[in-house]
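Engineer: no sequence on this one, just coordinates:
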């Protein structure tokens, strides 16, 4: 990594999995990324994103 400015943080409060992943990815995307670490907290309420949808969208976005 070399440069401490290369560490980025992002979050999303969107309930649509596709939109949430895109928002998160835009926040952390940079050239030559080597590692992305994220924490996901989901409240299991009908209509909110679920881990399965989030995971699927992460795979298709990246």
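Structural biologist: Nice, I can see it. Note that the structure is a prediction, hence the values are computed from the model and not measured.

Engineer: Show me what counts as buried in whatever helix or strand residue 18 lives in.
Structural biologist: Element membership of residue 18, judged by DSSP states H and E, is helix 17-28. By neighbour count, with 16 or more other CB atoms under 10 Å as the criterion, the buried positions of helix 17-28 are 17, 20, 21, 24, 25. C-betas here are computed from N, CA, C, even on glycine.

Engineer: Could you export those as TSV, including pLDDT and distance to residue 58?
Structural biologist: Output for the buried residues of helix 17-28, formatted as TSV (pLDDT from 0 to 100; distance: CB to CB, whole Å):
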residue	pLDDT	distance to residue 58
17	74	9
20	83	10
21	84	6
24	89	8
25	89	8
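
Engineer: quick check, nearest of these to residue 53?
Structural biologist: Minimum separation from residue 53 among the buried residues of helix 17-28 (CB to CB) is found for residue 17, which lies at 3.8 Å.

Engineer: And that closest one, how close does it get to residue 57?
Structural biologist: Noted for residue 17: a distance of 5 Å to residue 57, by CB to CB, to the nearest Å.

Engineer: now swap in residue 20 and tell me
Structural biologist: 8 Å.
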